[in-house]
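Chemist: Quick check, what structure comes out for this input:
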Amino acid sequence: MTAPAGMQLFDYGDPGGALFLLCEGEVELFFKNDTGDEIVLETARAGDFFGEVSLLDNGPRTASARVVEDLEALQVDRGDLDELVKLRPQAAMDLLTATGKRLRETSKRLRH
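Modeler: This next block holds a predicted model:
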């Protein structure tokens, strides 16, 4: 998929079901707190992925995603992920490790 800078890919609370693997571009992941302030959680760049939480638990998006630099990305749905894990079981641990690191970084940012 491709998307121009400024495009909103999804909003907090939207249905999920896919993660994105960035080939080119930048995407800002953020949410708005109770007072309307925007809290940036991460800026994803080429080689990064995002959107995995809603893919893993079939829940709604936990943050919003906005394209900062023109985007080229692969969209991976649950069927794609199932196939990847069958072909390369280590990919499941890689995904869990990266998700754990992201959770730790988000917790750290929210504390400060």
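Chemist: buried residues in the longest helix along the chain?
Modeler: Criterion DSSP state H: the longest helix present in the chain is helix 90-111. For helix 90-111, a neighbour-count test (16 or more other C-beta atoms under 10 Å) marks 95, 102, 106 as buried. Glycine gets a C-beta too; all of them are placed from N, C-alpha and C.
Chemist: between these, which is closest to V67?
Modeler: For the buried residues of helix 90-111, the minimum distance to V67 (C-beta to C-beta) is 19.1 Å, reached by R102.
Chemist: Grab the nearest non-local neighbour of that closest one.
Modeler: Excluding the flanking residues, the one nearest R102 by C-beta to C-beta, 6 or more residues apart in numbering is E42, at 7.1 Å.
Chemist: And the helix or strand containing that neighbour, what's buried?
Modeler: Assigned by DSSP states H and E, E42 belongs to strand 38-45. Residues 41-42, 44 are the ones in strand 38-45 that count as buried (16+ other C-beta under 10 Å).
Chemist: Just the pLDDT at the residue nearest the centre of the chain, thanks.
Modeler: Centroid-nearest residue in the chain, with C-alpha atoms, centre = their mean: F50, separated by 1.7 Å. Predicted confidence (pLDDT) for F50: 93.
Chemist: Pairing-wise in the sheet, spell out the partners of it.
Modeler: Beta-bridge partners recorded for F50 (DSSP bridges): F20.
Chemist: same question, the one 10 residues further on
Modeler: Applying DSSP bridges to P60 yields these beta-bridge partners: P15.
Chemist: check contacts around it.
Modeler: Under the criterion of C-beta atoms under 8 Å, 6 or more residues apart in numbering, the neighbours of P60 are 12-16, 54.
Chemist: Selecting buried members of those residues in PyMOL, what would you type?
Modeler: In PyMOL syntax, the buried subset of these is picked out as below (16+ other C-beta under 10 Å):
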select buried, resi 16+54
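Chemist: what number of residues lie near D82?
Modeler: Residues contacting D82 under the criterion other C-beta atoms under 10 Å number 10.
Chemist: got the buried residues for the helix or strand hosting it?
Modeler: In the assignment (DSSP H and E), D82 maps to helix 78-87. Within helix 78-87, the residues that qualify as buried are L81, counting by 16+ other C-beta under 10 Å.
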